[in-house]
Structure formats: structure tokens, C-alpha cells
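A.B. asks: Could you look at this predicted model? Sequence included:
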Amino acid sequence: MTHQTLPTITRLKDVLRTALPDLKSSSTPSEVPPFPTTLNCWKYVDTFKSVSGTNDIKTCLECASRELLYDIVTDFDVVPSSEPFITLYQFFDLILILSELEISDPQLPFALIEETLDTQPIDSCKRIFSYLEARIERLTVGVDGTKGKGIILLRLCNELLRRLSKSEDTVFCGRIFVFLTKSFPLSERSGVNLRGEFHVENRTAFDERWSQPDRNKSDPPHSPKSTDASESALAADACNRLYAVLWSTQHEFAEPTRLFQKQALDNFKDSLETVIKAFRSSIDEHGHNAPPITTDSRRGLKRKWDGEVKHDELDSYNPKYLTSRELFDLEVRDLVFRRHILVQFLIVIEFLLSLSPKYKKYLEAEAKNRSVQFAYTLSEEDDKWAEAAKKDVVNALNYKSGMDGLLFSRTVDSVLTREKNWVKWKAENCVSFEMEPASIKHVAVSKSAGNNATTLTSSLGKVMGAPALTRVWFDGSLDVTTIRLNTDRIDLPAYRSYTKSIEGYHLDKDFAFTEQEKEDIEESISNVTWRALRIASRDRFQLFKSLDDDLSVKSLIAIEDGVSLGSRESEKDGKKDLPTNTDPDGVKST
């Protein structure tokens, strides 16, 4: 840096400090102020260019902004209130405005935020990260995970995650992951394990002394308590073997490629069978946890904490289940622990099933990334075992756990199914999900077609007939007179003609065997009855008021015949009541 640029940096620093009050807002100190949208940003262009003179404005502005940032951060220790954070937010907004105006580099806001996070404790980092969440739309414009400010953003978040505790700062870790999800597209490959590497450094340390049964502390064979003691010793030996078997499978969980060896795969099969049987026996007949096995052989083996923890262990700390033998009985009785282990088995089994010939053929159809494909192919016998083992693990998850276990197993199955799709997408070299927007011409054509399809024509209410009749009328190959002479299709039948059909259906109903046949016949009777009553309603509607609730053709015929018979009888009675006269010729007249 030359002596000519030092005064320029000092003047730019003073200009930046003078511009900070323009970004003040009425927000409370506990929250990030809104972005100053009403600020006239173009006035800064001429100001900074005139101050820089012939020097490189971007380089000088970067140095000036770093010096001003150090002054603001220094006030954090002097002023314990929230005012330094508000000043820091205003400073970041000012640098963001300068980067948007192309006065400074686009990477400068992220670089300054990264340096600030490196100098602050976790509590202050949470407040500074709130600024990133509030300005995510403006900060992540044009972000690419392979270059520019995208690399700085990834490095910033990864360094912050490395500092956080996985058990105490879980919420803050989730905020960072959500922020990354919103910042980068779904098809971004920067966070994808393209080479299919396993975390082989994840080792589980456990006490391997319990892999062999301890027979030295059993009671004498002639003791009165020898029977109870022997049963307790056998149960303890079985629990010790389970302890060694269960924790030894963690090596295969961290590095599943070890199962490509036949001996390792056979040991894994035996371990899975042992674990499932032990987990089932840890639940009683009512679905509750069985009582733990307590023996005196473990009392003298408790290890005391000496208070010394290696520095490497603190740096690589990852929350796990404790592997102490004293806690193992209680862990086996824990439902969450059993589910945790069974899900790990299920993940490894799904990995083995992905190596079957059928699935590899499906995966290699459009595969371009060969690094996630393995040369090992599962044999037919091992493939059948894997399918059966998957069902056994799912049944163990649902064993005497009610609807909660069923819901949990279905959730795990959904997650593993999604993972299969992600693996296939990774094998296809992470094809982008983004689709090109439709052109203006296609949008205009679609709108026009939609408007034409939904617009009613003005002559629609005046057209008589139907399109089918119009085609019949104007079709020369059809004889319309033939259709007119077919009286069976033109004239309505008498409603009484349906009586025989109804009686036939009732007879079929008496000989029906299944309920489905009876329901079908009842539906046919209802259809025929409805047709007959509809025809009768044209000229016999006055008789329907006498049907009450019995809407049947037989009742309507009875009512009609009764009315007709009654009218004829009344007519006969009227004729009998009239006086009769005898003519001289002997002829009676009325």
C-alpha cells in the first residue's frame, strides 16, 4: 500500500462514518431494523468517487470499511447495551448498498460479516446472524455455490457450525441450515456428497471385556441358591454378549462397505438376529419394558472420571449414546434407544438392497456419476435375506407399540424412499430442477385459448335440438322415415307393462344366494318401478296422493282398479234407484 492511498482510506473511513446516521430507523434495539428503502443511494456514487480520486476505489473502500468495522466491534466491550449492534446493522446495510451500486465488490458484505463472526462469542453471533436472516433476499442475489460470494457464505456458515455445540445449540444450528436452504437452490451440488464417501472416522468406543461371559463369580453348584444364581448368571452373560454385539455393529454402520466381505456380512446377520430377539424379550406381554437385569458382578467395575479430557475429543465431540456397561440395561429398556438402533439397521439393509442386480440395473440406466456406484453386487441368497431382514426390522419397530409404532415405521419408510430418489438424482450427476420460464408468446396464446374456451356464444340459447339430431337429419345415408315408423322407440309403453318385469325380479330375489345379488336385484326393481311411476304420472297424478309411503306399481294398479270398480258400481246403483214405467206394449222403460 503506497503513501498516497493512506489519506484516501482515511477520508473514505470518515465518509462511511458520516453516512451511518442516514440509515437510522425507529426499530427497537432488540430487533434488526428494516432496510432503508427511502434512502437516496445515488448520492454516494459521486461522493466516494470524488474522495478516491485516481486510486482504486474498491480496494481503498475495502480497507476503510475494515478499519471502521474494527472500531465498531471494539465498542462491544466498552458499551454493554444494544446500541453497538444497531450501529453494526447500519454499517452492514451501508456496505450492502455500496455493493449493489457496484461501488464495492459484491463479496465485501459477506467478508465483513465473516470477520465479525470470527471475533464474537456465540451469543453475539446469534444476534449478528439475525441480520443475515433479515436481509437474505438482498444478500443472496446471484449466489453461486462454486464461486464469488457463494463460497464465502458457505465458509461462513460451516465455520459457525463447527463452533456450535450439537447438543446445546441445536436451535441455532437449525437456523443456519434453514438459511442455507433458502440461500441456495435445491439442485445446488455444493452440499452433496458426490463421491459417496462414508464417515469412517466416526468410531464408537466400548468395553470389549464383556464379550466373554464371566463364570468365575457364580455360586457353588451345591448351594441352595444355585438355581437362581445360575439363571441370573446366564441372563447376565446373554446381556453381556448383547452389549458386545450391539456396539460392535457401529463399525458397519459407519462403514457399510465392510459388508462386502462374506465373513463380515455373516457376522452382521447374526448380530441383527441377536439384537431383534433381545429387543423383543425386553418388552413384556403388556407392551411395557421388562425389569432390568441386576447383578453384583458389575459393582466393582465402575470407572471413576479422573477429570482429564483430551483436547481432540472436545473438538470432535458428537452427541452419542453412552456405551458404559452399567447403563446398557437401562438403554435397552428405552424405546427411543431401541428405535435408534433398529433404524440404523434398516439404513444398512437398504444400502445392501441398493446393490441387488435389479436395483443396480435400474440405477445405471441413466447414471453418469460412477463414484456413487459400487462394483459389488449382492447375491441372490443375500438379496432374499435382506428382504426378509427388512420385514423383521419393521415388525420389531411395530412390536407391541400400537399406532405410535406404526406411524413411526411409516415415517422412516417415507424418509428412506426419499433418500433413494436423492441417490438416483446424485447418480444422474445432479440434474437441475429449475425449468425455463414460458415465453411471452406462449403465455399470450394460452390466455387466448382459455378465454375462447370459457366464453359463451350469443346464439347458444336460440339453437333448437341437439348436435346428434342435427347430424341424423342432414345425413343422407339414414332414412328418417324408418326412425319415425319405429313406434316401439317413439311411443311410451303402458305403465302396467312393467308389472311382469317387477314380478320376475321378485322371483329372482327369492332364489338369490349372496347379499350382493340381492342388492343388485333391489336396485333393478327400484329402476323399473321409477320408470313405471314416471309414465303413470303423466295422466294419473291424482292417484298418487292415495299411495302414502307404498310407492309401487302394484299399489297404483290396485288404487286405479278400485276407483274404476267403485265408479261402475255407483253407476249401477243409480240405475236401480230410477222408477220404471210399463208401456202398453209391455216394454219397461226408465
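C.D. replies: That came in fine, so what should we check first?
A.B. asks: With residue 549 as the reference, measure out to residue 389.
C.D. replies: Distance from residue 389 to residue 549, counting by C-beta to C-beta, to the nearest Å: 64 Å. Every residue, glycine included, has its C-beta placed from N, CA and C.
A.B. asks: neighbour count winner among these two?
C.D. replies: More crowded of residue 389 and residue 549, by other C-beta atoms under 10 Å: residue 389, with 22 against 5.
A.B. asks: Which elements pack onto the strand or helix carrying that one?
C.D. replies: Using DSSP states H and E, residue 389 sits within helix 380-398. The contact analysis (3 or more C-beta pairs under 8 Å, 6 or more residues apart in numbering; DSSP states H and E) places helix 380-398 against helix 262-281, helix 335-353, helix 402-427.
A.B. asks: any residues touching that helix, and which ones?
C.D. replies: Contact with helix 380-398 is made by 265, 269, 272, 276, 279-280, 338-339, 342-343, 345-346, 349-350, 352-353, 356-357, 378, 405-406, 408-409, 412-413, as judged by C-beta atoms under 8 Å, 6 or more residues apart in numbering.
A.B. asks: which among those residues end up buried?
C.D. replies: For the contacts of helix 380-398, a burial check counting by 16 or more other C-beta atoms under 10 Å picks out 265, 272, 276, 279, 338-339, 342-343, 345-346, 349-350, 352-353, 356, 378, 405, 408-409, 412.
A.B. asks: which residue sits closest to residue 88 in space, ignoring its chain neighbours?
C.D. replies: The shortest distance from residue 88 to any non-neighbouring residue, by C-beta to C-beta, 6 or more residues apart in numbering, is to residue 72 (5.4 Å).
A.B. asks: Could you check how many residues crowd around the one you found?
C.D. replies: Neighbours of residue 72 using other C-beta under 10 Å come to 18.
A.B. asks: Tell me if I'm right that it and residue 86 touch.
C.D. replies: No: Residue 72 lies out of contact with residue 86 (C-beta atoms under 8 Å); the separation is 10.3 Å.
A.B. asks: mind listing the helices for the stretch 101-250 of the chain?
C.D. replies: 108-119, 122-134, 136-139, 149-163, 170-183, 226-248, 250-254 (DSSP state H, counting those that start in this stretch).
A.B. asks: Kindly report the same for the stretch 451-590 of the chain.
C.D. replies: Using DSSP H, counting those that start in this stretch, the helices of the stretch 451-590 of the chain run over 467-474, 480-485, 487-490, 499-510, 515-536, 553-577.
A.B. asks: Show the contacting residues for residue 518.
C.D. replies: 509, 512.
A.B. asks: for the one 3 residues further on, same thing?
C.D. replies: For residue 521, the residues meeting the contact criterion (C-beta under 8 Å, 6+ apart) are 505, 508, 509, 512.
A.B. asks: Give me the spatial nearest neighbour of the third one, chain neighbours excluded.
C.D. replies: Closest residue in space to residue 509, ignoring its immediate chain neighbours: residue 521 at 4.6 Å, by C-beta to C-beta, 6+ apart.
A.B. asks: Then the second one?
C.D. replies: The shortest distance from residue 508 to any residue that is not its chain neighbour, by C-beta to C-beta, 6+ apart, is 5.5 Å, and that residue is residue 521.
A.B. asks: before we move on, what about the first one?
C.D. replies: Of all residues not flanking residue 505 in the chain, residue 525 sits nearest, at 4.8 Å (C-beta to C-beta, 6+ apart).
A.B. asks: thinking the one you found is in contact with residue 506, fair?
C.D. replies: Yes: the criterion here is C-beta under 8 Å, and residue 525 meets it with residue 506 at 7.1 Å.
A.B. asks: So which of these two has more stuff around it?
C.D. replies: residue 525 (20 against 12).
A.B. asks: so how many other residues sit close to residue 495?
C.D. replies: By other C-beta under 10 Å, the residues close to residue 495 number 22.
A.B. asks: I should have written residue 546 there, sorry.
C.D. replies: Residues lying near residue 546 (other C-beta under 10 Å) number 14.
A.B. asks: repeat for the one 4 residues further on
C.D. replies: The number of residues packed around residue 550, counting by other C-beta under 10 Å, is 11.
A.B. asks: Domains in this protein, by residue range?
C.D. replies: Residue ranges for the domains of the chain, per automatic domain parsing: 5-183, 208-215+230-294+320-427, 495-589.
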